[in-house]
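Asker: Sequence first, then the predicted structure:
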Amino acid sequence: MNTKICHLTSVHIIDDIRIVKECTSLAANGFDVTLIACGDSAFEDMKNGVKRISLYVPVKNRLQRMIKRTKAVKQRAFQLNADIYHFHDPELMPLGLKLKKRNKLVICDVHEDFPLNILTKDWIPCILRHFIAGIMRFYEQKIAANYDAIISVTPQIVDRFKKVNEISFLITNYPILNDKSKMILEEKVSNTFCYAGTIEPLRMIHSIIQAMELVPDARFLLAGEISNEYLDKLKKLPGWRNVIFLGLIPYQQVLSLYSKSVFGIVIENYHPVNYNNEGSLGITKLFEFMQAGLPVICSDFILYKEIVSTYKCGITVNPTNIYEIVEAINYLFKNPVEAKKMGENGQRAVRQKYNWTTQEKVLIAMYEKLSLGL
């Protein structure tokens, strides 16, 4: 039997790297894969063996997104009548239960620590954040016990879910080894570094820009999606004059951005809940920098420190200490030979260990085991 699989997301773009990697690997291993997502236009096509369905659901705010896009994805999911459903957003957790009632196999893909992230959301009143985060964590743990499998990106998150669902797997966002990992480097731009990804307070972009005030000759290439509120705050910082903001750009332009940069930076904030732990948000970006041959500056979470210290591919800093960030930036600028060596070490680590091939094996084995129960 050709197992029919449906990946669902109402939040992520149809080209989300993690989702694309999973769908493409499944299709390459003989599964019938469909991806349903929401986008700027409605279309259906085939790409890398994956049937892609883009739903056009215009929304004006977050509440509409959560209601209207979730409803649209739900309706299309039911129409598809797949054997296994694999969803990627907290908003779709209730849908997972409804699919279980229809005797479908359901996989929950936890991209990040969502309850923790609630504590950083500016659009939620401060007085309500801890309450909402606590409710969400309780609900998330309770409902997860009903799914056929849970997968996530860090050992800490997986361990948390294993307490309620033993069928929990670690599938990390390691990069795919292909020609892009051997990209031709453009000429480096002196005193230039970069970040490309989601731009939000938890990623501490404001701290990086504050550090720029003490490194006046540096240039920070910044690209990604950002709320108008946070962008307005960043533009008011004196260090913004040293920022080249590119907005949301295609992946090929991101690779060009990496090529021009001396190093990449990805830091996350400490919080009492996750102090000394995962650093789950930036792990994908860390591996992207390593794959591109860039030394990295990252938060000194245990997960990051283990990678950076083992392979000597960058510098870890306290993300709340502006002076540590400044010191790390200056060190990499003033020691180009050492910075180049760090970049080479990181690229070697990706080739040897931190690549998608290792994670693909876990994904396929999990799906093959689930398929036996159909």
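Answerer: Right, received. Where do you want to start?

Asker: Going by C-alpha atoms from here, please, whenever you check contacts or count neighbours.
Answerer: OK.

Asker: Can you give me the domain boundaries for the protein?
Answerer: 4-111+145-172+355-371, 179-352 (automatic domain parsing).

Asker: TSV please, covering the ones you listed and showing mean pLDDT, distance to M136 and mean neighbour count.
Answerer: Output for the domains of the chain, formatted as TSV (pLDDT from 0 to 100; distance: least, CA to CA, whole Å; neighbours: other CA atoms under 10 Å):
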stretch	mean pLDDT	distance to M136	mean neighbour count
domain 4-111+145-172+355-371	94	9	18
domain 179-352	87	14	19
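
Asker: In TSV, list those domains along with distance to I132.
Answerer: TSV is the format used below for those (distance: least, CA to CA, whole Å):
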stretch	distance to I132
domain 4-111+145-172+355-371	14
domain 179-352	14
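
Asker: quick one: the helices in the stretch 51-200 of the chain?
Answerer: 62-64, 70-80, 93-101, 114-118, 126-144, 155-162 (DSSP state H, counting those that start in this stretch).

Asker: Same list as before, those that is, but in a markdown table and with distance to I322 included.
Answerer: Shown next, in a markdown table, are the helices of the stretch 51-200 of the chain (distance: least, CA to CA, whole Å):
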| stretch | distance to I322 |
| --- | --- |
| helix 62-64 | 32 |
| helix 70-80 | 40 |
| helix 93-101 | 39 |
| helix 114-118 | 22 |
| helix 126-144 | 24 |
| helix 155-162 | 27 |
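
Asker: State the helix or strand in which the nearest residue to G293 once chain neighbours are set aside lies.
Answerer: The shortest distance from G293 to any non-neighbouring residue, by CA to CA, 6 or more residues apart in numbering, is to G343 (4.3 Å). Element membership for G343, per DSSP states H and E: helix 336-352.

Asker: following that helix, which helix or strand comes up?
Answerer: helix 356-371.

Asker: Let me know the angle separating that following helix from helix 336-352.
Answerer: Between helix 356-371 and helix 336-352, the angle comes out at 30 degrees (axes from the mean of the first three to the mean of the last three CA atoms, to 10 degrees).

Asker: and K162, what does it touch?
Answerer: S168 (CA atoms under 8 Å, 6 or more residues apart in numbering).

Asker: do you know how far it is from K369?
Answerer: Look at K162 and K369: by CA to CA, to the nearest Å, they are 18 Å apart.

Asker: before we move on, what about P319?
Answerer: 41 Å.

Asker: And C313, by the same measure?
Answerer: Distance from C313 to K369, by CA to CA: 37 Å.

Asker: Same question for N173.
Answerer: N173 sits 22 Å away from K369, going by CA to CA.

Asker: likewise N103?
Answerer: 17 Å.

Asker: do the same with A28
Answerer: 17 Å.

Asker: So what pairs up with K51 in the strands?
Answerer: On the basis of DSSP bridges, K51 is bridged to T34, M46.

Asker: out of the helices of the stretch 51-200 of the chain, which comes closest to I107?
Answerer: Evaluated with CA to CA, those place helix 93-101 nearest to I107, the distance being 8.1 Å.

Asker: other SSEs contacting the closest one?
Answerer: Under the contact definition 3 or more CA pairs under 8 Å, 6 or more residues apart in numbering; DSSP states H and E, helix 93-101 sits against strand 84-87, strand 105-110.

Asker: Right, I'll leave it there.
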